[in-house]
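[1] For reference, the sequence and a predicted model appear below.
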Amino acid sequence: MVRLVAAPVFVVVALALAGCASTTPPAGIAAVSPFDLTRYEGRWYEVARLDHAFERGMTDVSATYQRQADGSVRVLNRGFDPGRNDWRQAEGKARFAGDANTASLKVSFFGPFYGGYHVAALDADYQWALVVGPDRSYFWILSRTRQLPPALRGQLIARADALGIDTRAVIWVTHHRTDPQP
């Protein structure tokens, strides 16, 4: 059974990001440009992340991005909570923070509160992405596949380290279940 998460799990991300109040990339990190939202749309698997309460313990995490008629982007985050033996999800909305050719967006999962979402590195074929939030404590490695080859994982961690991310604290996300939602 899937339950829409209200305040507990994913929505806490909105409050955390809103608390940072920044929709610009952290100092010294530039968002990818040029950026093609059409190529970025679809499902991405969270391969690695820094730990935060809103995702703690979650496995099989994915994020799906879909452009809307009003120009915004629907964001659907899903993951499995082993402690509850249940799928959790949160739906949000993203908008470009500036130029639509730059991968810097502001995301909201809770009303008018937005936090930064910045693609700091992106595969030329849009197969993996390094994403940071409003500061370096928010970091994700996303992939079109559930796993990345060890050599590529090492390269991405080296890139993250060069961006000032605490790569010693990175959590590698397991993907053993098939999400019942296509």
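    Yep, it's here.
[2] And R95, how close does it get to T24?
    Distance of R95 to T24, computed by Cβ to Cβ, to the nearest Å: 14 Å. Where you see a C-beta, it was placed from the backbone N, CA and C, and this is true even at glycine.
[3] Identify the residue nearest the geometric centre of this structure.
    Averaging the C-alpha coordinates of the chain gives a centre point, and the residue nearest to it by Cα atoms, centre = their mean is W140 (5.7 Å).
[4] Mind listing residues that contact the helix or strand harbouring that one?
    Using DSSP states H and E, W140 sits in strand 139-143. Outside strand 139-143, the residues that touch it by Cβ atoms under 8 Å, 6 or more residues apart in numbering are 44-50, 63, 127-133, 148, 153, 156, 160, 165, 170.
[5] Could you list which of those residues belong to helices?
    Judged by DSSP state H, the contacts of strand 139-143 include R153, L156, A160 as members of helices.
[6] Can I get these in JSON lines including neighbour count, pLDDT and distance to Q68?
    As requested, the ones in helices among the contacts of strand 139-143 are exported to JSON lines (neighbours: other Cβ atoms under 10 Å; pLDDT from 0 to 100; distance: Cβ to Cβ, whole Å):
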{"residue": "R153", "neighbour count": "18", "pLDDT": "98", "distance to Q68": "33"}
{"residue": "L156", "neighbour count": "22", "pLDDT": "98", "distance to Q68": "30"}
{"residue": "A160", "neighbour count": "23", "pLDDT": "98", "distance to Q68": "30"}
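[7] Just name the closest of those residues to S108, please.
    Looking at the ones in helices among the contacts of strand 139-143 and their distance to S108, the nearest is A160, at 25.2 Å (Cβ to Cβ).
[8] dump the residue contacts of the closest one.
    L130, F139, I141, T167, V170 are the contacts of A160 under Cβ under 8 Å, 6+ apart.
[9] Which residues does the closest residue to the last one other than its chain neighbours form beta bridges with?
    Counting by Cβ to Cβ, 6 or more residues apart in numbering, V170 lies nearest to A48, which is 5.0 Å off, once chain neighbours are set aside. Using DSSP bridges, the beta-bridge partners of A48 come out as I141, W172.
[10] And for A48, the neighbour number?
    Counted with other Cβ atoms under 10 Å, the burial measure for A48 works out to 20 neighbours.
[11] From R84, how far out is it?
    Using Cβ to Cβ, one obtains 23 Å as the distance from A48 to R84.
[12] Repeat that for P34.
    According to Cβ to Cβ, P34 stands 41 Å off from R84.
[13] Mind checking which of those two has more residues around it?
    The residue with the greater number of neighbours, taking P34 and R84 and applying other Cβ under 10 Å, is R84; the counts read 12 against 9.
[14] What segments of this structure are strands?
    2-4, 42-49, 59-67, 73-81, 86-96, 104-110, 113-122, 128-132, 139-143, 171-172 (DSSP state E).
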